[in-house]
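What would the 3D arrangement of this be:
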Amino acid sequence: EVSSLSQVELVAVETDLAKFVLERGRLSARMPGASGSLHVGAAGSDALVQVRDKAAFSLLRDDFGKLALAVTEGDVSLSAQQQSVHVGPGEQSIVPVGRPPLRPVHIPSSLFLKVAHLGPSTLNRRMTELGGEASPGAAVYVNGVSAQTDDAGRFSVRLPLREGKNELHVLAQDALGRSQQQQLPAVMVDTQPPKLRGKTVW
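Below is the predicted model:
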């Protein structure tokens with residue numbers, strides 16, 4: 001299963017092996033049993049998911065290249081940077097960009113999202129800052145634009161604004177496809193200088 005707006009490349013389908021590459025977005029897969037192997041790689045990374053027995057998992061790649069693997073059934077091997085971990089049912093692991101997989105941890109029972117607007121509600125410039133925290137491994141989007149998160153799920157983003165009223169909408173999605181949204185109070189932008197009124201006496 002491939003989520004909307006995701007991109008997946010089918011590399012090979014053989015009698016006992018199927019290979020895919022996740023370009024962006026989210027992919028879920030289920031192996032019915034020991035009938036072959038499934039390999040899923042990630043574009044621009046040496047990260048590789050390998051399944052040889054009955055298993056079910058989901059893989060999420062954000063726009064910066066970070067991967068999150070969540071396993072709901074069976075045992076899945078995840079490797080990157082010449083290191084590998086085995087992720088069991090109810091566990092997830094994250095592959096930060098250019099680093100090996102993090103130690104598997106239990107999948108959070110719910111998706112967490114907390115956001116704070118770091119500036120005033122009325123601005124005279126067309127830029128503001130948002131900061132917050134989401135569940136580790138979740139992909140975060142601010143007004144549809146990806147926000148880069150660290151290993152703990154923290155993020156900070158400078159957001160361009162337009163003249164007038166600007167809505168601030170934040171969306172987080174995890175590897176299992178769960179999503180959480182937060183709507184912040186709108187920000188008003190007024191960059192026009194005030195009109196001066198006065199009387200000159202000669």
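
Residue 17 is in contact with residue 40, correct?
No. Between residue 40 and residue 17 there is no contact under Cβ atoms under 8 Å: 11.8 Å. (Glycine included, C-beta is placed from N, CA and C.)

Which one of these two is surrounded by more residues?
residue 40 (24 against 13; other Cβ atoms under 10 Å).

which non-adjacent residue is nearest the more buried one?
residue 49 (4.3 Å; Cβ to Cβ, 6 or more residues apart in numbering).

Give me the distance between the residue most central in space within the chain and residue 74.
Residue closest to the mean C-alpha point of the chain, counted by Cα atoms, centre = their mean, is residue 139 at 1.5 Å. Residue 139 sits 24 Å away from residue 74, taking Cβ to Cβ, to the nearest Å as the criterion.

Over to residue 31?
Distance from residue 31 to residue 74, counting by Cβ to Cβ: 7 Å.

check contacts around the residue nearest to the centre of the chain.
Neighbour list for residue 139: 60, 62-63, 68, 146, 149, 172-174 [criterion: Cβ atoms under 8 Å, 6 or more residues apart in numbering].

cutoff 10 Å now
Contact analysis of residue 139 by Cβ atoms under 10 Å, 6 or more residues apart in numbering lists 24-26, 60-64, 66, 68, 146-147, 149, 171-175, 179.

wait, what's in contact with the closest residue to residue 6 other than its chain neighbours?
In space, and not counting its chain neighbours, residue 6 is closest to residue 25: 2.5 Å by Cβ to Cβ, 6+ apart. With contact set as Cβ under 10 Å, 6+ apart, residue 25 has these partners: 2-8, 59-63, 139, 173.

now swap in residue 175 and tell me
Residue 175 neighbours (Cβ under 10 Å, 6+ apart): 26-28, 57-61, 67-71, 92-94, 107, 135, 137-139.

same for the helix or strand of the chain with the lowest mean pLDDT, what does it pack against?
Ranked by mean pLDDT, DSSP states H and E, the weakest helix or strand in the chain is strand 122-123, scoring a mean of 84. Using 3 or more Cβ pairs under 10 Å, 6 or more residues apart in numbering; DSSP states H and E as the contact test, the elements touching strand 122-123 are strand 179-189.
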